[in-house]
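Trainee: Coordinates only, no sequence provided:
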């Protein structure tokens, strides 16, 4: 019987595109996503296809949604004899946990356009290397343990500490916003604990970026699944 992987070795796979209007560059995009090396088994090939699809989807999004806006901004600037704005989009990743048969990371896109406005979008992925499929957030907590409330309470307590220390600023009605914008897919693992995150602008001003709250591992949860069986 083939032994399950305990770690996954990957290297960055990169792609770049540039779009022009009347031979004038108006939009560029760069992608760096993980690729298992070597991709010799079914799991590695599945993960490779997954991030190849994410790469293609991101480039399609840039062409279908960002390029029309960049082209319009270019034409407006030419008509007004103003500097032509350059739109840029990036998609990168960071592996945050890679041991014990669990591989966790987040991918993050960054869009920049006229006026210096930046938009960040993050996505978390945690893979079970034994089954070859993503792991649900609920798998790290005992059944009927009220894990969602635990996560929300931890986030709210950390927000209060940050605001009292003057380290961050959040929107009014934070308890309601934490519940409304909570997404169980927005998480990843770290050596220190399980990290949940919220979309940019959802619970805090743009200056706070993507708010992240880490819940330490422990008996009351979250707990990493045992691999001894």
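Mentor: Everything's here; your move. This is a predicted model, so every value here is computed, not measured. Residues are numbered from 1 along each chain as shown.

Trainee: Just the buried positions in the longest helix along the chain, please.
Mentor: As assigned by DSSP state H, the longest helix anywhere in the chain is helix 42-61. Across helix 42-61, burial judged by 16 or more other Cβ atoms under 10 Å covers 43-44, 47-48, 51, 54-55, 58-59, 61. For the C-beta atoms, the positions are set from N, CA and C on the backbone; glycine is no exception.

Trainee: again, but for stretch 93-101
Mentor: Quick answer for stretch 93-101 (16+ other Cβ under 10 Å): 93, 96-98, 101.

Trainee: do stretch 67-77 as well
Mentor: The neighbour-count check on stretch 67-77 (16+ other Cβ under 10 Å) flags 67, 70-71, 73-74, 77 as buried.

Trainee: same question, stretch 128-145
Mentor: Result for stretch 128-145 [16+ other Cβ under 10 Å]: buried residues 128-129, 132, 135, 137, 140-141.

Trainee: In helices, which of these fall?
Mentor: Per DSSP H, the buried residues of stretch 128-145 never map to helices.

Trainee: Lowest-confidence entry in those residues?
Mentor: Least confident entry in those, by pLDDT: residue 132, with 88.

Trainee: Against residue 187, how distant is the residue nearest to that one when sequence neighbours are not counted?
Mentor: Leaving aside its chain neighbours, residue 132 sits nearest to residue 43 (4.1 Å; criterion: Cβ to Cβ, 6 or more residues apart in numbering). Applying Cβ to Cβ, to the nearest Å, the value for residue 43 to residue 187 is 21 Å.

Trainee: so which pair among the buried residues of stretch 128-145 is furthest apart in space?
Mentor: Using Cβ to Cβ, the buried residues of stretch 128-145 span at most 22.4 Å, a distance reached by 132 and 141.

Trainee: Buried ones in stretch 209-220, by neighbour count?
Mentor: By neighbour count on 16+ other Cβ under 10 Å, the buried set for stretch 209-220 is 210-213, 215, 217.

Trainee: swap in stretch 112-122?
Mentor: Using 16+ other Cβ under 10 Å as the test for burial, stretch 112-122 gives 113, 122.

Trainee: Which residues does it contact?
Mentor: Residues outside stretch 112-122 that contact it (Cβ atoms under 8 Å, 6 or more residues apart in numbering) are 69-70, 73, 85, 87-89, 106-111, 186, 197, 199-200, 206, 209-210.

Trainee: go with 7 Å
Mentor: For stretch 112-122, the surrounding residues in contact (Cβ atoms under 7 Å, 6 or more residues apart in numbering) are 73, 85, 87-88, 106, 108-111, 197, 200, 209-210.

Trainee: same question, stretch 42-58
Mentor: By Cβ under 7 Å, 6+ apart, the surrounding residues in contact with stretch 42-58 are 5, 15, 31, 33-36, 39, 91, 107, 109, 127, 129, 132.

Trainee: ok so, going back, I'd like the buried residues of helix 42-61 as JSON lines, with pLDDT appended.
Mentor: JSON lines is the format used below for the buried residues of helix 42-61 (pLDDT from 0 to 100):
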{"residue": "43", "pLDDT": "90"}
{"residue": "44", "pLDDT": "92"}
{"residue": "47", "pLDDT": "94"}
{"residue": "48", "pLDDT": "95"}
{"residue": "51", "pLDDT": "97"}
{"residue": "54", "pLDDT": "98"}
{"residue": "55", "pLDDT": "98"}
{"residue": "58", "pLDDT": "98"}
{"residue": "59", "pLDDT": "98"}
{"residue": "61", "pLDDT": "97"}
